[in-house]
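Undergrad: Just a sequence and a predicted model for now, questions to come.
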Amino acid sequence: MLICGGNSPLGKQLIRCLIHKNINVRAGVRSERAEEELRSLGAEVVFLNHNSPSTVKIAMKNVDKLFLVTGFGEKMVKQTQTLVDEAKLANVSHIIKISTLCGGLSDKYCTSIDLLHR
């Protein structure tokens, strides 16, 4: 399983739980400073820049499940679409997208995210 946002509090807790259940975990990170801690938890660590399809493609190699967390902002929709598109190309069987935003809101970001979730 690839966990985008592996160094977030949610990502770290998910890594601990999955490793405890003997599930192989690959944690996507944007900076080297997060690598050591995540490796110490038992995760394989890979550089993953949501704005760079080439790093996304590399991170998706031999992944069957994706836990998708993106930051909120202007680039969120494009980043999510890039990750979903690359997951499809890599034959990822399951995508888990965490989103706490847009519960019935109607701004331009939420409308786009609602479309991605369909």
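TA: All right, it came through fine.

Undergrad: After the lengthiest helix in the chain, heading C-terminal, what element do we hit next?
TA: Longest helix in the chain by number of residues (criterion: DSSP state H): helix 76-89. Sequence-wise, the next helix or strand downstream of helix 76-89 (DSSP states H and E) is strand 94-97.

Undergrad: thinking again about what came up before, which strands or helices does the longest helix of the chain pack on?
TA: In terms of contacts (3 or more Cβ pairs under 8 Å, 6 or more residues apart in numbering; DSSP states H and E), helix 76-89 is packed against helix 53-60, strand 65-68, strand 94-97, helix 108-116. C-betas here are computed from N, CA, C, even on glycine.

Undergrad: The same query, at a cut-off of 10 Å, please.
TA: strand 2-4, helix 53-60, strand 65-68, strand 94-97, helix 108-116 (3 or more Cβ pairs under 10 Å, 6 or more residues apart in numbering; DSSP states H and E).

Undergrad: The first one pairs with which strands, parallel or anti?
TA: Here strand 2-4 is paired, per DSSP bridges, with strand 26-29 (parallel), strand 65-68 (parallel).

Undergrad: For this structure, which element, helix or strand, carries the lowest mean pLDDT?
TA: helix 108-116 (a mean of 53; mean pLDDT, DSSP states H and E).
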